[in-house]
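> I need the structure of the sequence given here:
(4 chains)
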4 protein chains.
Amino acid sequence: MSKHIRNFGTMRYEINGIRREFVGDIYHTLMRSSWGRLLLAAFGLYVTTALFFAVLLAFGQDNVSGAKDTLDLFWFSIQSLSTIGYGNMHPNTPWAHFIVLMESFLGMVQGALVTAVLFAKFSRPKARVAFAEQAVLLESQGEQYLQIRFANARGYPIVNGKITLSAIIAREEEHVGMNRRMIELPLLQTEIPFFGLSFTATHRLADGIFAGMTLEEMHKDLFLLVISFNGVDEILQQEVRAQHFYRPEYMLEHVRYKSMVEAHDWGAAMDLQNLSSIIAENKEEAVESIVQQMEGNT
Amino acid sequence: MSKHIRNFGTMRYEINGIRREFVGDIYHTLMRSSWGRLLLAAFGLYVTTALFFAVLLAFGQDNVSGAKDTLDLFWFSIQSLSTIGYGNMHPNTPWAHFIVLMESFLGMVQGALVTAVLFAKFSRPKARVAFAEQAVLLESQGEQYLQIRFANARGYPIVNGKITLSAIIAREEEHVGMNRRMIELPLLQTEIPFFGLSFTATHRLADGIFAGMTLEEMHKDLFLLVISFNGVDEILQQEVRAQHFYRPEYMLEHVRYKSMVEAHDWGAAMDLQNLSSIIAENKEEAVESIVQQMEGNT
Amino acid sequence: MSKHIRNFGTMRYEINGIRREFVGDIYHTLMRSSWGRLLLAAFGLYVTTALFFAVLLAFGQDNVSGAKDTLDLFWFSIQSLSTIGYGNMHPNTPWAHFIVLMESFLGMVQGALVTAVLFAKFSRPKARVAFAEQAVLLESQGEQYLQIRFANARGYPIVNGKITLSAIIAREEEHVGMNRRMIELPLLQTEIPFFGLSFTATHRLADGIFAGMTLEEMHKDLFLLVISFNGVDEILQQEVRAQHFYRPEYMLEHVRYKSMVEAHDWGAAMDLQNLSSIIAENKEEAVESIVQQMEGNT
Amino acid sequence: MSKHIRNFGTMRYEINGIRREFVGDIYHTLMRSSWGRLLLAAFGLYVTTALFFAVLLAFGQDNVSGAKDTLDLFWFSIQSLSTIGYGNMHPNTPWAHFIVLMESFLGMVQGALVTAVLFAKFSRPKARVAFAEQAVLLESQGEQYLQIRFANARGYPIVNGKITLSAIIAREEEHVGMNRRMIELPLLQTEIPFFGLSFTATHRLADGIFAGMTLEEMHKDLFLLVISFNGVDEILQQEVRAQHFYRPEYMLEHVRYKSMVEAHDWGAAMDLQNLSSIIAENKEEAVESIVQQMEGNT
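Residues are numbered from 1 along each chain as shown, chains lettered A, B, ... in the order given. Here you go, the predicted model:
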């Protein structure tokens, strides 16, 4: 039983005992393989099919009038599978006619499946949502807030947006008996009816499991922060999704995001370069915090 | 009026009085039939169509120049339906030309519908979520919990996951006047923003209709436990679903699931073989419980 | 500005001032037109396109070698549009070659659009949910309940089901200034994780705007009851929906639904014939109520 | 790094630093380009492909028997790409046969992708929901209400409708550190199970951030009102969405919407012309308010 490795961002998963299910998985496999691979596979299928029928045509005497040699049988097979049918070569015997019948039908089915996969892969909606590199912890009026900023990196509106922020906690919770638990961190605002530019998800620490903790204390239990966004791309009229993970070392304190959007009466201007720009609330504390992140990076 | 039988897992349904609705049901019927059947049906349609037009071509004198006999009319029909058109045979009379017109149009429509069904069937998203064979009842700090564990058996992340657990109760509820009722069992956590490996759905008995009941008492009313999961496959960007049913005899007490995921700082390792592995909280009680399950199985 | 009539069940809508938007509406129009109409339109488009290019081919001297007369130009055009290309007729001049270039491209586009519409129409999921003809009002332990029963008339499971019941009230509500208002009637259970057979939606009158009203009083304001169901067909893995409207006169009192499902330990048996079967709680009252419905029907 | 401009209704967005992602964006780009552009692009691709293979066929001696000159190679390439294959020209050398193999395969792939885009664009559901030009602020029984009316401008029912109303506030909120914030304005009714004609979304000012404010005070902070509607078109069985933005100057006080729907016992009649018709509660105040709007318009 082979071991399967999956990598998500900075995480690595090892999975034992995955059962292969050919039919059940082929579509999934095709969808996750690269365009190059996909086209290669389609091409392989195309040539193999033609070859297969060419071989069948080699049985018996001149099945194909106009075919001078065996190679011509393959070219004829291609002409039939593609439904070009120039006609300088054409079926000459019932057997050849039957081959053509089968091959043209298979050509249709093959075309349908290739179209299906190319279509599904090509029209799969991709969100262009960019997340700030770091989550920030800041204090205001005695309250502590955890913030994560993200931006619409395509600039076309996403409507009916929803955000959720969760913490994956590695603490052993006796009564639930699982060694990792995902706990939602309530946000001040979870719905974004119209997401045009940027948004900063804000969690008041007092509302969640980190109530009154210091960054150090949070590090103990916290395995990963997960922020999920989904909404409807107005152009595609399809749902798009984006997700970002923050390792604890990517949480900075004593800093805040530098504003990246200027409101004007004619609308607003956004600079994506500033997405991850932060400014210190207090110099030396901030320095510390950045250093800490550097260590996190290495 | 025929009796229709449907089987879901361990359940069997008998339904009387289903009205056939050809157009309304044909797509549904095709979608639930096997690939073999589907392709056979498509092939049958293909050949029948060709045959039908071949028969029409048999009316009148040499409609098709190059056709030596009636069989050739069928081969010609195939060449036209598939749009190969070698040309050694070609329409010779207005009638034949008209047949070709109709046949090529029908070929297009047929191709579209075959593509539609093959596409829809092929690109139908399949979740690979595996559920533990048994639900477990355990006690912790004086509280009773019902747990069901399931795993992502494909290992590619499913996002925006949601779980619901319900009990189908066979008790006659006088004022509602129905003899079976589905009642939700609230879970400690119902949303899984990121489902990468495994999850254990946990219901505190005190929160639901089984508050303070023993397993024996639960057996009286309980007909079936239904756990439903749905989320979005990140690769397919399509919603996937999974469901599992537990007959009362598949609920064990005094046991807990053996951990199947190890957290590491580089990520985590999961062993799918252990999905249904349970460990006893207390020997002889557990034995009882397993025996009870054995009986359930027979 | 023409007046548009729309009919939904027993209701009729008259709408003034609908603006036609060709491009915006053509897809919608095609989707709601019958299969016959749709195919006729596709056929018309197909022939017209061929005709159009045949006319273009009539300009200049023998563009198409092998074409004996003008009619042949049309047949040649069909052979090119369908990509059959027998070859006994073939383009002979740059102009003819250019026509073929344009026609083959248009053929591809046309094929794509026809496939699109046929596909979308054919694969549009249809729920087979049957609703009881009448809603029933019954009393139990001093509480009044409004019930509506519906059944899965296909017998294949629908998961993640949701129900909502609303009342359209014709009362003039001064501060909202609208003459019709849709008010939700809370149900005892709104989620059906697994809808295999039948379900009876139950609203406790005390929970809604009809609290403590008699059927007569309800008739004053009530314009229509609307019950909506949506869920995911497990076979299609697509969302399906169903809706039913009840005019006040289709609400019966002093009756209850006759049970249509028998639970067995091997599963359950349902008889769709009994979907609308009702039994009286009390003879003469029930008779009254039925009579009342009869009047409603005429 | 170029500056990108996006316009939504009366708003203009300027975005810096958008990174181009060819593969990631091509589908999105195609979906938002006009039909004319899309077809032109497809046509360009079609001709270019044929040209490319024609050039390859120019290498070596008479690869294509029947081709009198180089131009014929292009026409032959078209006949192969379109799979017409008249046959008066046909491949004569292994190299030519190989070109045909490649070209027919590419033709299939190209057809699939063109179909994908045309299909996705053509079958993209479009809601026909019309919104009143102005939002109205009215008082009733001492309560203040903000109302926005919208109508189903196609007249075919939309089910499972949901509405959300939000205010984009430009106020600087210190602790959140963002200069624009979207705040939901709770509605008296947010669900429309059946949207057949018109609906007036109603927000009680007392329930939201504008509690007790005058129109003038609201103008200070308010940047934009956003109303979002989504539901399922019963004909298409697809989700449709609509959104409308109101600049503060499009909010009128002391007026109410003129009724546009008459209820009849046979159903109802709606006049779309009256969607934006308003009537004054009190003459001179209304006049003021209208004047104010006029200024807003200029």
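> all strands for the stretch 1-150 of chain A, in order.
Applying DSSP state E, counting those that start in this stretch to the stretch 1-150 of chain A gives strands spanning A:3-8, A:11-16, A:64-65, A:90-91, A:129-131, A:135-140, A:143-152.
> Out of the ones you listed, which is closest to residue C:119?
Minimum separation from residue C:119 across the strands of the stretch 1-150 of chain A (CB to CB) falls at strand A:129-131, 30.5 Å. For the C-beta atoms, the positions are set from N, CA and C on the backbone; glycine is no exception.
> Average pLDDT for that closest one, rounded please.
Average pLDDT, strand A:129-131: 93.
> So for that strand, what gets flagged as buried?
For strand A:129-131, burial by neighbour count (16 or more other CB atoms under 10 Å in any protein chain shown) applies to A:129, A:130, A:131.
> Do I have it right that the second one meets residue A:148?
Right, the one you point to is residue A:130. No. The criterion here is CB atoms under 8 Å, and residue A:130 misses it with residue A:148 at 11.7 Å.
> picking up where we left off before, same list (the strands of the stretch 1-150 of chain A) but as JSON lines, adding distance to residue D:207.
Converted to JSON lines, these look like this (distance: least, CB to CB, whole Å):
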{"stretch": "strand A:3-8", "distance to residue D:207": "42"}
{"stretch": "strand A:11-16", "distance to residue D:207": "43"}
{"stretch": "strand A:64-65", "distance to residue D:207": "80"}
{"stretch": "strand A:90-91", "distance to residue D:207": "77"}
{"stretch": "strand A:129-131", "distance to residue D:207": "31"}
{"stretch": "strand A:135-140", "distance to residue D:207": "26"}
{"stretch": "strand A:143-152", "distance to residue D:207": "24"}
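> any idea which of the ones you listed is most buried?
With neighbours defined as mean count of other CB atoms under 10 Å in any protein chain shown, these peak in mean count at strand A:90-91, which reaches a mean of 26.
> anything in it near chain D?
No. Using CB under 8 Å from any CB of the partner chain, strand A:90-91 never reaches chain D; the gap is at least 9.0 Å.
> Within the sheet, what are the partner strands of that strand, with directions?
Sheet pairing of strand A:90-91 (DSSP bridges) gives strand A:64-65 (antiparallel).
> so does whichever strand or helix holds residue A:183 get close to chain B?
Per DSSP states H and E, residue A:183 falls inside strand A:181-184. Yes. Strand A:181-184 reaches chain B (CB under 8 Å from any CB) through A:181, A:182, A:183, A:184.
> Would you agree the last one is in contact with residue A:165?
Yes. Using CB under 8 Å, residue A:184 is in contact with residue A:165, at 7.1 Å.
> next SSE after the strand holding residue A:183?
Next element after strand A:181-184 (DSSP H and E): strand A:191-195.
> is whichever helix or strand comes after that next one anywhere near chain D?
Next along the chain after strand A:191-195, taking DSSP H and E as the criterion, comes strand A:198-204. Yes. Residues of strand A:198-204 contacting chain D under CB under 8 Å from any CB: A:199, A:200, A:202.
> Tabulate the residues you listed in TSV, adding columns for pLDDT, neighbour count and distance to chain B.
Formatted as TSV, the residues of strand A:198-204 next to chain D follow (pLDDT from 0 to 100; neighbours: other CB atoms under 10 Å in any protein chain shown; distance: CB to the nearest CB, whole Å):
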residue	pLDDT	neighbour count	distance to chain B
A:199	91	23	17
A:200	91	22	18
A:202	93	21	17
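> Could you check the pLDDT of the residue in the stretch 1-150 of chain A that chain C sits nearest to?
Of all residues in the stretch 1-150 of chain A, residue A:87 sits closest to chain C, at 5.0 Å by CB to the nearest CB. Reported pLDDT at residue A:87 in the predicted model: 93.
> Now do the contacts for it.
B:85, B:86, B:87, B:88, C:86, C:87, D:85, D:86, D:87, D:90 (CB atoms under 8 Å, 6 or more residues apart in numbering or on different chains).
> tally of neighbours for the first one?
Same thing as residue B:85. 33 (other CB atoms under 10 Å in any protein chain shown).
> for the fourth one, same thing?
Under the neighbour criterion other CB under 10 Å, residue B:88 is assigned a count of 24.
> residue contacts, it?
A:65, A:87, A:90, B:66.
> and of these, the nearest to residue C:25?
residue A:87 (44.3 Å).
> Pop out the phi and psi values for that closest one.
Dihedral pair for residue A:87: phi 100, psi -20, per degrees, to the nearest 10.
> More neighbours: residue A:184 and residue A:165, which one.
Looking at residue A:184 and residue A:165 with other CB under 10 Å, you find the greater number of neighbours at residue A:165, namely 23 against 19.
> Who is the more buried one paired with across the strands?
Going by DSSP bridges, residue A:165 forms beta bridges with residue A:227.
> Pull the distance from stretch A:204-221 to the chain's centre.
Taking the mean of its C-alpha atoms, stretch A:204-221 sits 30 Å from the chain's own mean (CA atoms, centre = their mean, to the nearest Å).
> hmm, stretch A:120-130 touching chain C?
No. Using CB under 8 Å from any CB, we find that stretch A:120-130 stays clear of chain C, coming within 11.9 Å at best.
> for that stretch, the distance to its chain's centre please.
Relative to its chain's centre, stretch A:120-130 lies at 8 Å (CA atoms, centre = their mean).
> that older thread, go through the residues of strand A:198-204 next to chain D and name the one nearest residue D:53.
Compare each of the residues of strand A:198-204 next to chain D with residue D:53 using CB to CB and the shortest gap goes to residue A:199, at 49.0 Å.
> On the strand side of things, show who the closest one bridges to.
Beta-bridge partners, per DSSP bridges, of residue A:199: residue A:150.
> Near the residue nearest to residue A:124 when sequence neighbours are not counted, how many other residues are there?
Leaving aside its sequence neighbours, residue A:124 sits nearest to residue B:237 (CB to CB, 6 or more residues apart in numbering or on different chains; 4.9 Å). A count of nearby residues for residue B:237, using other CB under 10 Å, gives 20.
> ok, how many other residues are close to the spatially closest residue to residue A:43 that is not a sequence neighbour?
In space, and not counting its chain neighbours, residue A:43 is closest to residue D:105: 5.8 Å by CB to CB, 6+ apart. Counted with other CB under 10 Å, residues neighbouring residue D:105 total 20.
> Could you do the one 3 residues further on as well?
For residue D:108, the count of nearby residues is 23 (other CB under 10 Å).
> who's in contact with the closest residue to it other than its chain neighbours?
Once flanking residues are discounted, residue D:108 sits nearest to residue A:111: 5.9 Å by CB to CB, 6+ apart. By CB under 8 Å, 6+ apart, the residues touching residue A:111 are B:111, B:115, D:108, D:111, D:112.
> sorry, back to before: unless I'm mixing things up, the residue nearest to residue A:43 is touching residue A:46, no?
Yes. Counting by CB under 8 Å, residue D:105 does reach residue A:46; the two are 5.3 Å apart.
> Could you verify my assumption that residue A:221 touches residue A:169?
Yes. The criterion here is CB under 8 Å, and residue A:221 meets it with residue A:169 at 4.9 Å.
> From the neighbour counts alone, determine which of those two ranks first.
Comparing residue A:221 with residue A:169 by other CB under 10 Å, the one with more neighbours is residue A:169, at 20 against 17.
> roughly how far apart are that one and residue A:134?
Using CB to CB, to the nearest Å, residue A:169 is found at 20 Å from residue A:134.
> cool, residue A:123 as well?
Using CB to CB, residue A:123 is found at 34 Å from residue A:134.
> Tell me which of these two has more neighbours.
Each of residue A:123 and residue A:134 has its neighbours counted (other CB under 10 Å); residue A:134 has more, 22 against 19.
> Got phi/psi on the more buried one?
Dihedral angles (degrees, to the nearest 10) for residue A:134: phi -130, psi 150.
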